[in-house]
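Visitor: One predicted model, sequence on top.
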Amino acid sequence: MPKYSGKDVISESTEKAIARAMVLAVAGILTKLYAVPLSDLKVLGMDLPASLVDATLLVLIGYSAYSFVLKWVGDLAAFRLWYRESSIWSEFGTNMKLDKEFLRGAVPLLERLNTLETTGTWPASGAAIDDETKKALKDFKANAELYCLRLEYAGTRFKLLSLFGHYYVWVHSFAFPIALSVAAIYLLVRHGTYVLPTLS
């Protein structure tokens, strides 16, 4: 299953629920499309009525579809939260958070530069700036350039991941299983045989 930034797009339990729903749906669809003679079905040497098989398939498909949709909605919420995460992942797997700690690094430098500006003691040439401010300014410029490169790379990568992620979440993990489940339920309801059991 695909991962973004080390996180599963769709959880393992949802993947299993999708697989169960699709297998049961396909079994139901094929049973009705090929008019499988269910009256000939024997389990442990006993005949099973066709209505029992149809009813069992209908209940199993309905429950598995319900279970998978419930789990999928939870994964969808997690997928949307992934988009709101305020960080950038590099190609090496390092995480660069855009939080207070990241922004706080430039605050002392900006305060020193602001003090120089407001007090009117701004030097006429760069050579007159003290070494500590020069070093902080040089580091800040290097970090800003590096950050811009990472941001540009992350943006390109994010666009590709975003397209694939949306396809995987909405089409592969939702539309296909739901379409199969709905088709199976329709065929079972429309062409199934349902006879209430008689208790005697």
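Guide: Here it is on my side, so go on.

Visitor: ranges for the helices of this protein?
Guide: Assigned by DSSP state H, the helices in the chain fall at 12-33, 50-84, 100-104, 107-119, 131-166, 176-191.

Visitor: Now the last one - C-alpha only, PDB.
Guide: The C-alpha coordinates for helix 176-191 follow below in PDB (Å, rounded to 0.1, in the frame of the first residue of the first chain):
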ATOM      1  CA  PHE A 176     -14.400   0.400  -7.200                       C
ATOM      2  CA  PRO A 177     -15.400  -1.500  -4.000                       C
ATOM      3  CA  ILE A 178     -18.700   0.500  -3.600                       C
ATOM      4  CA  ALA A 179     -19.600   0.000  -7.300                       C
ATOM      5  CA  LEU A 180     -19.000  -3.800  -7.000                       C
ATOM      6  CA  SER A 181     -20.900  -4.000  -3.700                       C
ATOM      7  CA  VAL A 182     -23.900  -2.000  -5.100                       C
ATOM      8  CA  ALA A 183     -24.000  -4.200  -8.200                       C
ATOM      9  CA  ALA A 184     -23.900  -7.400  -6.200                       C
ATOM     10  CA  ILE A 185     -26.600  -6.200  -3.800                       C
ATOM     11  CA  TYR A 186     -28.800  -5.100  -6.800                       C
ATOM     12  CA  LEU A 187     -28.400  -8.500  -8.500                       C
ATOM     13  CA  LEU A 188     -29.100 -10.400  -5.300                       C
ATOM     14  CA  VAL A 189     -32.200  -8.400  -4.600                       C
ATOM     15  CA  ARG A 190     -33.400  -8.400  -8.200                       C
ATOM     16  CA  HIS A 191     -32.600 -12.100  -9.100                       C
END
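
Visitor: got the contact list for that helix?
Guide: Contacts to helix 176-191, defined as C-beta atoms under 8 Å, 6 or more residues apart in numbering, come from residues 18, 21-22, 24-29, 32-33, 54, 57-58, 61-62, 64-65, 68-69. For the C-beta atoms, the positions are set from N, CA and C on the backbone; glycine is no exception.

Visitor: Give me the neighbour count for the closest residue to Val26 other than its chain neighbours.
Guide: Nearest non-adjacent residue to Val26, counting by C-beta to C-beta, 6 or more residues apart in numbering: Leu180, 6.4 Å away. Applying other C-beta atoms under 10 Å, we find 20 residues neighbouring Leu180.
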